[in-house]
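In: give me a 3D structure for the following:
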Amino acid sequence: ARADELRDRLRRAVGESAAEHRLRTGHLRRHLLRLDPTDSLALRQADLRRLLDRSARSQRSRLEAARSDLGLQRGLLRALQPTAVLGRGYAVLADAETGLPVPEVGTTSPGRLLRAELADGTIAARVETTEAKAPLGATSSAAATAASA
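Out: Okay, the predicted model is just below:
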């Protein structure tokens, strides 16, 4: 009877000890899973992929905007090139003797030989008469005063 009692006590003690070990092992397993970097790494990798995609889209957008601006500026430069301006019917006038530009009527006089540069060549011309206009932005009374002076 004493041996049976000891055997039962030993079985209970071993069973309780095994149950405690199972409980502790389960707790440790859950703790290890929390410490496992696999899930954390997967989340961080997904975040990194999103950030890289966003950065690439932003760079493409900036590059496209810069290309567009460059195209507009290139068009403006072409329109303002001297040959393009001459092609629209304008001429560059210079005094034939001095080579200095003639930007205003007052910088030349009748009898002077001028050189006109056009889109497709040059013309030699002699000034016969000059007639000054009122300066840009001047009122009619200011123009009359300038003409009488």
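In: would you map the strands across the protein?
Out: 92-95, 113-118, 121-126 (DSSP state E).
In: just the helices in this structure please.
Out: All helices of the chain, identified by DSSP state H, fall at 2-35, 37-80, 82-87, 140-148.
In: mean pLDDT for the strands of the chain - can I get that in a markdown table?
Out: What follows is the strands of the chain, written out as a markdown table (pLDDT from 0 to 100):
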| stretch | mean pLDDT |
| --- | --- |
| strand 92-95 | 95 |
| strand 113-118 | 96 |
| strand 121-126 | 96 |
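In: which of those strands sits closest to residue 68?
Out: Residue 68 lies closest to strand 92-95 among the strands of the chain, at 32.7 Å (C-beta to C-beta). Every residue, glycine included, has its C-beta placed from N, CA and C.
In: which residues touch the closest one?
Out: By C-beta atoms under 8 Å, 6 or more residues apart in numbering, the list of residues contacting strand 92-95 from outside reads 82, 86, 100-102, 107-108, 112-117.
In: what is the burial count for residue 102?
Out: Neighbours of residue 102 under the rule other C-beta atoms under 10 Å: 19.
In: thinking again about what came up before, and among the helices of the chain, the most buried is which?
Out: Among the helices of the chain, the stretch with the highest mean neighbour count (mean count of other C-beta atoms under 10 Å) is helix 82-87, at a mean of 13.
In: and that one, what does it pack onto?
Out: On a contact count with 3 or more C-beta pairs under 8 Å, 6 or more residues apart in numbering; DSSP states H and E, helix 82-87 meets no helix or strand.
In: and it, how far out from the chain's middle?
Out: Here helix 82-87 is found 30 Å from its chain centre; the criterion is C-alpha atoms, centre = their mean, to the nearest Å.
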